[in-house]
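> need coordinates for the below:
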Amino acid sequence: SDGTVYSGSWDSTARIWAGDDGTHLCTLTGHDDVVVAIALGSNGNLHTASDDCTIRVWSTATHRLLEVISTVSEPIAVVCSPHSSHVYAALCDGTINVWSADARKGFVHGPPRSFDITCITPLAFDCKNLIVPVFGRRFEVWREPGDFSSDASPWIIEALAEIMAMTVGPDGRLYSGGAGYVRVW
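Got it, this is the predicted structure:
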């Protein structure tokens, strides 16, 4: 990573900042509602999710809009696989949707999977798995390639309390936080 910082805003924009000194580099416009989540893809493209029911894909090199992915409900989280072209979005309707980039067709929507998720559900990736916190203080860990239509079952990991935030650190471990705790997995 080059230290660049990306942010979403209530004014329907995403902004790009220099990580070393905080200088504003660029404003990305095009959404019609608040930008709620941002993810950097393995190819370097930026994905911005908005309450306007779209995920927009931007070139980080040129800052140009490359594609608009429509969703059926407001996205609350977006994450990109670090080793494939899959883009995952948790939506307010309780589903997680997956799209795969196809050079000829753009992003192709795969089958959604229903989860008992809340409207603050973050998503994370370790090196091989999609990690989804679900209501009831637990994680479901799904193996890539993200085809939820198969009969595969997730691993279940119990948490101490409702999960409010999580990330995978540079050490590859999962960090989660909730009401008064931080846990390292």
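
> going forward, measure contacts between C-alpha atoms and count neighbours the same way
Fine.

> quick one: the helices in this structure?
In the chain, no helices are defined using DSSP state H.

> and the residue nearest to residue 100 when sequence neighbours are not counted, how many neighbours?
Of all residues not flanking residue 100 in the chain, residue 86 sits nearest, at 4.5 Å (Cα to Cα, 6 or more residues apart in numbering). For residue 86, the count of nearby residues is 24 (other Cα atoms under 10 Å).

> number of nearby residues for residue 173?
Neighbours around residue 173, by other Cα under 10 Å: 13.

> pop out the phi and psi values for residue 32.
Dihedral angles of residue 32 (phi, psi; degrees, to the nearest 10) stand at phi -110, psi 0.

> low-confidence bits of this structure, can you list those?
Counting by pLDDT under 70, the chain contains low-confidence ranges at 1, 102-129, 133-140, 142-161.

> top strand in this structure by residue count?
The strand that spans the most residues within the chain, counting by DSSP state E, is strand 95-102.

> who does it pair up with?
Sheet pairing of strand 95-102 (DSSP bridges) gives strand 86-91 (antiparallel), strand 106-109 (antiparallel), strand 113-114 (antiparallel).

> got the CA coordinates for it in PDB?
Provided in PDB are the C-alpha atoms of strand 95-102 (Å, rounded to 0.1, in the frame of the first residue of the first chain):
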ATOM      1  CA  THR A  95     -28.400 -10.600   2.100                       C
ATOM      2  CA  ILE A  96     -24.800 -10.700   1.000                       C
ATOM      3  CA  ASN A  97     -24.400 -10.400  -2.700                       C
ATOM      4  CA  VAL A  98     -21.300 -11.300  -4.800                       C
ATOM      5  CA  TRP A  99     -20.200 -10.100  -8.200                       C
ATOM      6  CA  SER A 100     -17.300 -11.300 -10.300                       C
ATOM      7  CA  ALA A 101     -15.500  -9.100 -12.800                       C
ATOM      8  CA  ASP A 102     -15.700 -10.500 -16.300                       C
END
